[in-house]
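Chemist: Sequence and predicted structure are below.
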Amino acid sequence: MKALVEFCASNVSSYTKSVMEALENDPELDVDVLEYGCLGYCGECYMLPFALVNGELIQAETAEELLNKIKVKLKEDEEAEDLFPF
């Protein structure tokens, strides 16, 4: 199953535009990257960079750290899918 990374538009304008672009332009990743007006984490989007990775909230102090955490989560999810492909 293709991974899904979702971003809040308010967070993108403040913190995560570079993260979105990095994910979209990484040829080694098979991931859908979507931006929504709101993800329901109001307040969070003005405080820290964050994204939802396959529905799970991932936060970090910096955009670079967020990108790294997203890649780790994507790898973990891919490995779990390989073990349990149901």
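Modeler: On my side now, so go ahead. Numbering: from 1, shown residues only.
Chemist: switch to C-alpha atoms for all contacts and neighbour counts from now on
Modeler: OK.
Chemist: Quick one: distance of the helix or strand bottoming out on mean pLDDT in the chain to the chain centre.
Modeler: Least confident helix or strand of the chain, by mean pLDDT, DSSP states H and E, is helix 9-11 with a mean of 87. Relative to its chain's centre, helix 9-11 lies at 13 Å (C-alpha atoms, centre = their mean, to the nearest Å).
Chemist: Same question for stretch 50-58.
Modeler: Centroid separation for stretch 50-58 versus its chain: 5 Å, with C-alpha atoms, centre = their mean.
Chemist: For that stretch, give me every contacting residue.
Modeler: 3-8, 11, 16, 44, 59-60, 66, 69-70, 73-74 (C-alpha atoms under 8 Å, 6 or more residues apart in numbering).
Chemist: Just the buried residues from the residues you listed, in PyMOL please.
Modeler: For the buried members of these, the matching PyMOL selection, counting by 16 or more other C-alpha atoms under 10 Å, is:
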select buried, resi 3+5+6+7+8+11+16+59+60+66+69+70+73+74
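Chemist: Looking at the contacts of stretch 50-58, which are in strands?
Modeler: A3, L4, V5, E6, F7, C8, Q59 (DSSP state E).
Chemist: Can you name the residues that contact the first one?
Modeler: Taking C-alpha under 8 Å, 6+ apart as the criterion, A3 is in contact with D30, V31, D32, V53, N54, L74.
Chemist: again, only this time at 7 Å
Modeler: Applying C-alpha atoms under 7 Å, 6 or more residues apart in numbering, one finds that A3 lies in contact with D30, V31, D32, N54.
Chemist: Now for the residues you listed: which two are most distant?
Modeler: For the contacts of A3, the maximum inter-member distance is 12.8 Å, found between D30 and N54 (C-alpha to C-alpha).
Chemist: Would you map the helices across the chain?
Modeler: For the chain, applying DSSP state H gives helices covering 9-11, 17-24, 63-83.
Chemist: Just the buried positions in stretch 69-86, please.
Modeler: If you call a residue buried by 16+ other C-alpha under 10 Å, then stretch 69-86 has these buried ones: K69, I70, K73, L74, D77, E78.
Chemist: Alright, I will stop here.
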